[in-house]
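Chemist: pasting the structure only:
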């Protein structure tokens, strides 16, 4: 997902999206271990998405405390 797409999502939905994306990563890792995953770059993309979501969540939490 792009950063501008994530900016439009509220904090609760971001947390749900974070959990879903982490679940997807674990499923992709299992598929890779079994040998069923054709595009291993999906794991990298999902990890970057998780980092983007964490960054936005931390920024939103910091603005809420202020």
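Modeler: Now that the structure is in, tell me what you want to look at. Bear in mind that the values here come from a model prediction, so they are computed numbers and not experimental data.
Chemist: what's the helix or strand for the spatially most central residue of the chain?
Modeler: Closest to where the C-alpha atoms of the chain average out (C-alpha atoms, centre = their mean) is residue 50, at 2.8 Å. Assigned by DSSP states H and E, residue 50 belongs to helix 41-65.
Chemist: quick check: buried residues in that helix?
Modeler: 43, 46, 49-50, 52-53, 56-57 (16 or more other C-beta atoms under 10 Å). Where you see a C-beta, it was placed from the backbone N, CA and C, and this is true even at glycine.
Chemist: what packs against that helix?
Modeler: Under the contact definition 3 or more C-beta pairs under 8 Å, 6 or more residues apart in numbering; DSSP states H and E, helix 41-65 sits against helix 3-7, helix 11-34.
Chemist: so who does the residue nearest to the centre of the chain touch?
Modeler: Residues in contact with residue 50, defined by C-beta atoms under 8 Å, 6 or more residues apart in numbering, are 18, 21-22, 25.
Chemist: what's the pLDDT at it?
Modeler: Listed pLDDT for residue 50 reads 96.
Chemist: what does residue 65 give?
Modeler: pLDDT, residue 65: 80.
Chemist: for it, give its distance to residue 43.
Modeler: Distance, residue 65 to residue 43, by C-beta to C-beta, to the nearest Å: 33 Å.
Chemist: picking that back up, now, which of the buried residues of helix 41-65 sits nearest residue 35?
Modeler: Using C-beta to C-beta, residue 43 comes nearest to residue 35 of the buried residues of helix 41-65, at 14.2 Å.
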